[in-house]
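A.B. asks: Sequence and predicted structure, then a few things I'm wondering about:
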Amino acid sequence: MPELAWLDAVPGEAAFYADDLMAIRAGAEHDGFAYRGDPITPGHLAVRSPARAILLRVEMASGAVGWGDAVSVQYAGVGGRDAPVDPAVLGVEIDFAARSLLEAGELDFAAACQLVEELRFDGRPLHTAVRYGLSQALLNANAAEAGRSPIHVLAELTGLEEPELLPVYAQSGDERELNADRMILRGVEVLPHGLFNSLASFGHDGALFLRYVAWLRRRVAELGAPGYRPRFHLDLYGMLGQAVALDINRMAGFLIEAETAAEGFPLAIESPCYGRDVKETVELLSRLRAELQRRGSKVTLVADEFCNTDDDVAQFVAAEAVDLIQIKMPDLGSLTRAVAAAQVCRAAGLGVFIGGSCAETEVSAIASTHVALAVEANQVLAKPGMGVDEGVTIVRNAMRRALVDWERVS
């Protein structure tokens, strides 16, 4: 079993921006690419500021090295999430974790991640970004130690027998039409995200959203290759609930209108509404799903916000609140926690969606792609960034390389 010898931490940059979702929902206006006004959520430097990362280098006693990046999601600090990454603040946590890992001696990947999850700093778990980044570095160092690919290390946890290429879900950001074109030209399997995070984009009555769904259907027909039938997956960030004052009947009726606008394309809706906390969000989505089923709708409901830990996932699953849960990698902590969440979803008959954020790095994206392969996910998020092409190529090529490694090293 490998033994840690050294851990370095360097401030770095993530691929997108840290946005204060609460300020945006409250009406912060675009000013070019920035937003006007002051942040509301603690930890945000502005309504929009460049996302930060901490680059972590783990060196084993053998000399094997692994890198991992501590990153947060774009909308950090809301829905029960930790605050955005601040290297100056989190440095002491990383030093504490490094000392603990050094003192622990020989640990395999799973045991090292378990230790990281169990550590308490000032009486609380390490920041999720720290746990996420450390686990990536430990995975890559363990793989280097063994002369294998990270997919082999993860396969020991999941029982994977043969990895296969997975459907990719790309996210558009505010460039909903231009970036949808990019996705269609590349034949992305699940699209386009849409970023409907304000009434200005959604429409006070949802008309702008419905118009977009109809446009997307037509655009696939115009630009897509023969036989191309992507799944539509659109993220509402609670806007539907806000527009109709959380009225379940009105929400169900609206989603059926969206299903009609999609005209036969499978339609998934992420975060149609928010409650004040996990419990209320689960209750709302459970009632909405039951009403959709009663009306014969096939709309897939997807959870994101307020579903940040294994316990949260278990609550959504137990209540049969959604059909799909975004396992948002930076929010869970160590990579092993995402593996556990995927197993809970699979056992309950739900699909597995390995997600994350545009505000990650190429290192974290590749590590989570290996996790997606290991748990045989139904879809994996293209990341980082909001440019589409970069995230799609990073994730797809990471899968291709992993499959070659699997064949050559197994």
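C.D. replies: Great, that's in hand. Numbering: from 1, shown residues only.
A.B. asks: In the strand of greatest length in the chain, which residues are buried?
C.D. replies: The single longest strand within the chain, with elements called by DSSP state E, is strand 4-19. Residues Leu4, Leu7, Ala9, Gly12, Ala14, Ala15, Phe16, Tyr17, Ala18, Asp19 are the ones in strand 4-19 that count as buried (16 or more other C-beta atoms under 10 Å). Where you see a C-beta, it was placed from the backbone N, CA and C, and this is true even at glycine.
A.B. asks: could you say what helices and strands it packs with?
C.D. replies: Counting contacts by 3 or more C-beta pairs under 8 Å, 6 or more residues apart in numbering; DSSP states H and E, strand 4-19 is packed against strand 48-60, helix 87-104.
A.B. asks: would you turn the ones you listed into JSON lines with distance to Val313?
C.D. replies: What follows is these, written out as JSON lines (distance: least, C-beta to C-beta, whole Å):
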{"stretch": "strand 48-60", "distance to Val313": "24"}
{"stretch": "helix 87-104", "distance to Val313": "24"}
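A.B. asks: can you redo those as a markdown table with distance to Trp406 and mean neighbour count?
C.D. replies: Shown next, in a markdown table, are the helices and strands packed on strand 4-19 (distance: least, C-beta to C-beta, whole Å; neighbours: other C-beta atoms under 10 Å):
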| stretch | distance to Trp406 | mean neighbour count |
| --- | --- | --- |
| strand 48-60 | 23 | 21 |
| helix 87-104 | 28 | 16 |
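A.B. asks: What values do phi and psi take at Ala143?
C.D. replies: Backbone torsions of Ala143, given as degrees, to the nearest 10, read phi -60, psi -40.
A.B. asks: Check Thr361 too.
C.D. replies: Dihedral angles (degrees, to the nearest 10) for Thr361: phi -130, psi 170.
A.B. asks: before we move on, the earlier item: figure out which of the helices and strands packed on strand 4-19 is closest to Pro266.
C.D. replies: Closest to Pro266 of those, according to C-beta to C-beta: strand 48-60, at 31.3 Å.
A.B. asks: Just the CA coordinates for the closest one, please, in PDB.
C.D. replies: C-alpha atoms of strand 48-60 as PDB (Å, rounded to 0.1, in the frame of the first residue of the first chain):
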ATOM      1  CA  ARG A  48     -19.600  37.300 -10.900                       C
ATOM      2  CA  SER A  49     -15.900  36.800 -10.300                       C
ATOM      3  CA  PRO A  50     -13.300  34.400 -11.800                       C
ATOM      4  CA  ALA A  51     -13.600  31.000 -10.200                       C
ATOM      5  CA  ARG A  52     -10.500  30.000  -8.200                       C
ATOM      6  CA  ALA A  53      -8.800  26.700  -7.700                       C
ATOM      7  CA  ILE A  54      -6.100  25.200  -5.500                       C
ATOM      8  CA  LEU A  55      -3.700  22.900  -7.400                       C
ATOM      9  CA  LEU A  56      -2.700  19.900  -5.200                       C
ATOM     10  CA  ARG A  57       0.400  17.700  -5.800                       C
ATOM     11  CA  VAL A  58       0.600  14.500  -3.900                       C
ATOM     12  CA  GLU A  59       4.000  12.700  -3.900                       C
ATOM     13  CA  MET A  60       4.300   9.100  -2.600                       C
END
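A.B. asks: got the angle between that strand and strand 4-19?
C.D. replies: Put simply, strand 48-60 runs at 170 degrees to strand 4-19, going by axes from the mean of the first three to the mean of the last three C-alpha atoms, to 10 degrees.
A.B. asks: for the record, mean pLDDT for strand 48-60?
C.D. replies: Here strand 48-60 scores 97 as its mean pLDDT.
A.B. asks: what is the mean pLDDT for the longest strand of the chain?
C.D. replies: Mean predicted confidence for strand 4-19 is 93.
A.B. asks: in its sheet, what does it sit against?
C.D. replies: According to DSSP bridges, strand 4-19 forms sheet pairs with strand 48-60 (antiparallel).
A.B. asks: Run the angle between the strand it pairs with and helix 87-104 for me.
C.D. replies: Using the same axes, to 10 degrees: strand 48-60 against helix 87-104 is 20 degrees.
A.B. asks: Nearest spatial neighbour of the residue nearest to the spatial centre of the chain, chain-adjacent residues omitted?
C.D. replies: When C-alpha atoms, centre = their mean is applied to the chain, the residue found nearest the centroid is Gly356 (1.9 Å). Distances taken as C-beta to C-beta, 6 or more residues apart in numbering place Met329 nearest to Gly356, at 4.3 Å, with adjacent residues excluded.
A.B. asks: quick one: which of the helices and strands packed on strand 4-19 is nearest Cys345?
C.D. replies: strand 48-60 (27.2 Å).
A.B. asks: What is the following helix or strand past the closest one packed up against?
C.D. replies: With elements assigned by DSSP states H and E, the helix or strand that comes after strand 48-60 is strand 65-70. Applying 3+ C-beta pairs under 8 Å, 6+ apart, we find strand 65-70 packed against strand 48-60, helix 128-146, helix 362-374.
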